[in-house]
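[1] Predicted model follows, preceded by the sequence.
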Amino acid sequence: MGQTLTEKILSAHLVEGEMVKGSEIGIRIDQTLTQDATGTMAYLEFEAMGVPRVKTERSVAYIDHNTLQNGFENADDHRFIGSVCKKHGIYFSRPGNGICHQVHLERFGIPGKTLIGSDSHTPTGGGIGMIAIGAGGMDVAVAMGGGTYYITCPKVVKVNLTGKLQPWVAAKDVILEVLKRLSVKGGVGKVIEYTGEGVKTLSVPERATITNMGAELGATTSIFPSDEITREFLKAQGREEVWTELKADDDAVYDETVDINLSELAPLAACPHSPDNVKSIKELEGQKIDQVCIGSCTNSSLLDMMKVAYILKDKTVHPDVSLAIAPGSKQVLNMLANNGALAIMIDAGARILESACGPCIGMGQSPNSKGISLRTFNRNFEGRSGTKDGQIYLVSPETAAVSALTGVFTDPRTLGAAADITLPEKFTVNDNMIVPPVPAEEMDSVEVLRGPNIKPFPVSEPLAETIDAKVSLKVGDNITTDHIMPAGAKILPLRSNIPKISEYCFAVCDEKFHDRALEMGKSVIIGGSNYGQGSSREHAALAPLYLGVKAVIVKSFARIHMANLINAGIVPLTFINESDYDRIDQTDEIKIENIGEQIAAGNVIKATDVTKGFDFELNADFSERQKKMLYAGGLLNYTKQNS
Ligand code: MIC
Ligand code: SF4
């Protein structure tokens, strides 16, 4: 039986388990990446492991999230990460060099390799045929130390692409169509593999837009084959030698198939407040807009920016609209500066931002109250923009640029004939903002620079015999990690200070949560389905840990967050009868007796709502390794016990 591309790469990296779908497998990791907002914790954890040099083929630390520096915290954290990298064998991409996923694709990604990154959009690397997975910082730290990375052996979904995109219909519209069909939960436990004749019509940056936003499906990752187009891209980056051809066998068997005829797609938008709330631009046409932001790891490539410049040429941004543009990397910005496209953007009235995440993570450019903002980003969760009632629509760069000129939602197909924009034969390559580590023999001479913002991470305790605690919070479906541990200009600088950042835990849902949880001492959280979707931030587990949360009981979990909870030693459980969710209220007392024994004995465990006086059953479907981590009180304790 033939293999899918996913199976080929995973089995070539398999170090534990068997390729049986749904079972846990351990894979060898070739490359890692971190960004600064998750990186400080990841490097503190790496230091705690006591491994002198990273054991991966390549590990890179990027500074791209916290670049606002409206206090000493960000700059201190940058210095800390830079010095750790120098010492421990990690490449350091300095602030200003660009967004981690864009730069990694340009400069470091290699087809057929495995990459984990402490950022949920790491699957961008799937655009050149990598198995690139978003993970918690602790998992990345372990992988840097040469440890195995564990995932559930995924199902593989074939997205069969036929036809060719019509002029002004974009890669963003492809992934929005997939989101519309599969929803934000549709990818859980699955890898989305793109095949078919239509693949050949998509360039690497377009493929990367699609795999990047596969994160919003909840998928483990997404992947394209590595073909001649991949080779051309790598050649233009001066890296042709890392190319290999990779594709699924012709008789590969997939678990599901989705057919998409590219020729039939139209411009789309994800409407507030979910990436799968997709409508056609036609349906929205004519509605007034207030802001347009172009950039983020989804849509900030040279190709995207050139299309935007083409649309803006000799025009002026509508008087009622603010247009912000953040090119994705120094390479992109440099090339735009040299070929005149930057001048076109400035001339049209765009506000040029540095090459970083910026408004995507609420670092500036929050829209006005109730403001309608069109963004080329990947997430439009409520409040993420920094304006609680901001109305964020996710669109292609083409739709964004043309609407910035008209001041209303506008279908870019009104522009008429296609623009003749292709990728350059050679990108401008200058890696002078990537600092290599010192050789191993000079390691001792490097001092790690720690600012006062860096506090040790909370220590978790081994699993108690009985969990007897009150419900400190009950929430509904699709709770994102932006709800659990918000980001933005005020809170992001506190990422290396868990006691401080915990003050904002769940503040979007309930401002009193922090105080209530502390007062309860220990507590349990109750949630709905797809709990913890979105970002990989382990702070969404570490802050609840600090606040005494012992278990999270929900209808279903998103993959990375569930792994982060186990890593932190918080027990993630799911209802067997979802109707039990309705019976439990905030402040009810929940008791789970002999929890360790119950977990050891099997998948079903018994719990009691002491306040209401009824028993209910929970699913505790853990692998042996996960059970041991929970008994030990998390991954760090477990690793220490076993080293
Ligand atoms: C995001 O897009 O939400 C982030 C900010 O990049 C996060 C990482 C973080 O919270 O630091 C992600 O996607 O994992
Ligand atoms: Fe940065 Fe936004 Fe991409 Fe997250 S989604 S890595 S915040 S650009």
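    Ah, there it is. Ligands and ions are numbered 1, 2, ... in the order given.
[2] Doesn't D259 lie inside a helix?
    No: looking at D259 with DSSP: H, G, I helix; E, B strand; the rest coil, it is strand, so not inside a helix.
[3] which non-adjacent residue is nearest it?
    Once flanking residues are discounted, D259 sits nearest to N160: 5.0 Å by CB to CB, 6 or more residues apart in numbering. For the C-beta atoms, the positions are set from N, CA and C on the backbone; glycine is no exception.
[4] Dump the C-alpha coordinates for stretch 590-606 into PDB.
    Provided in PDB are the C-alpha atoms of stretch 590-606 (Å, rounded to 0.1, in the frame of the first residue of the first chain):
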ATOM      1  CA  ILE A 590     -15.900  18.600  42.600                       C
ATOM      2  CA  LYS A 591     -14.300  15.500  44.000                       C
ATOM      3  CA  ILE A 592     -12.200  12.900  42.200                       C
ATOM      4  CA  GLU A 593     -11.000  10.300  44.600                       C
ATOM      5  CA  ASN A 594      -7.900   8.200  44.000                       C
ATOM      6  CA  ILE A 595      -7.300  10.000  40.800                       C
ATOM      7  CA  GLY A 596      -3.900   8.400  40.200                       C
ATOM      8  CA  GLU A 597      -5.200   4.900  40.600                       C
ATOM      9  CA  GLN A 598      -8.200   5.700  38.500                       C
ATOM     10  CA  ILE A 599      -6.000   7.000  35.700                       C
ATOM     11  CA  ALA A 600      -3.800   4.000  35.900                       C
ATOM     12  CA  ALA A 601      -6.700   1.600  35.800                       C
ATOM     13  CA  GLY A 602      -8.300   2.700  32.600                       C
ATOM     14  CA  ASN A 603      -9.900   5.300  30.500                       C
ATOM     15  CA  VAL A 604     -13.000   6.100  32.500                       C
ATOM     16  CA  ILE A 605     -12.800   7.800  35.800                       C
ATOM     17  CA  LYS A 606     -15.500   8.700  38.300                       C
END
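[5] What mean pLDDT does it get?
    Mean pLDDT, stretch 590-606: 95.
[6] give me phi/psi at the residue nearest to the spatial centre of the chain?
    Central residue of the chain (CA atoms, centre = their mean): S120, 1.7 Å from the mean position. The phi and psi values for S120, taken as degrees, to the nearest 10, are phi -70, psi -20.
[7] bridging residues for the residue nearest to D259?
    Using DSSP bridges, the bridge partners assigned to N160 are T195, D259.
[8] tell me which residues in the lengthiest helix in the chain are buried?
    What stands out as the longest helix in the chain, according to DSSP state H, is helix 72-88. Buried positions in helix 72-88, judged by neighbour count with 16 or more other CB atoms under 10 Å: 73-78, 80-88.
[9] go on, stretch 459-474?
    Buried residues in stretch 459-474, defined by neighbour count with 16+ other CB under 10 Å: 460, 463, 467-474.
[10] swap in stretch 617-628?
    618, 620, 622-623, 625-627.
[11] Next step: those restricted to strands.
    Cross-referencing the buried residues of stretch 617-628 against strands under DSSP state E gives L618.
[12] out of the buried residues of stretch 617-628, which one sits closest to ligand 2?
    Taking CB to the nearest ligand atom as the measure, ligand 2 lies nearest Q626 of the buried residues of stretch 617-628, at 26.8 Å.
[13] For the residue nearest to that closest one when sequence neighbours are not counted, give me phi and psi.
    Using CB to CB, 6+ apart and skipping residues adjacent in sequence, the residue nearest Q626 is I566, 5.3 Å away. When quoted as degrees, to the nearest 10, the phi and psi of I566 stand at phi -60, psi -40.
[14] ok, now which ones touch I566?
    By CB atoms under 8 Å, 6 or more residues apart in numbering, the residues touching I566 are 572, 622, 626, 629-630, 634-635.
[15] And for N530?
    Applying CB under 8 Å, 6+ apart to N530 gives the contacts 184-185, 188, 218, 477-479, 556-558.
[16] And it, how far from G476?
    Separation of N530 from G476 (CB to CB, to the nearest Å) stands at 10 Å.
[17] pLDDT wise, what is the residue of the stretch 201-350 of the chain found nearest ligand 2 at?
    Among the residues of the stretch 201-350 of the chain, C297 lies closest to ligand 2, at 3.3 Å counting by CB to the nearest ligand atom. Here the pLDDT value assigned to C297 is 98.
[18] just checking, the residue nearest to the centre of the chain touches S536?
    Yes: using CB atoms under 8 Å, S120 is in contact with S536, at 4.3 Å.
[19] which residues do those two both contact?
    134, 560.
[20] what's the spacing between stretch 523-540 and its chain's center?
    Distance of stretch 523-540 from the chain centroid (CA atoms, centre = their mean, to the nearest Å) equals 14 Å.
[21] Now the terminal residues of that stretch, how far apart.
    Using CA to CA, to the nearest Å, the end-to-end distance of stretch 523-540 comes to 15 Å.
[22] ok, that stretch near ligand 2 or not?
    No: counting by CB under 6 Å from any ligand atom, ligand 2 has no neighbours in stretch 523-540; the shortest distance is 7.0 Å.
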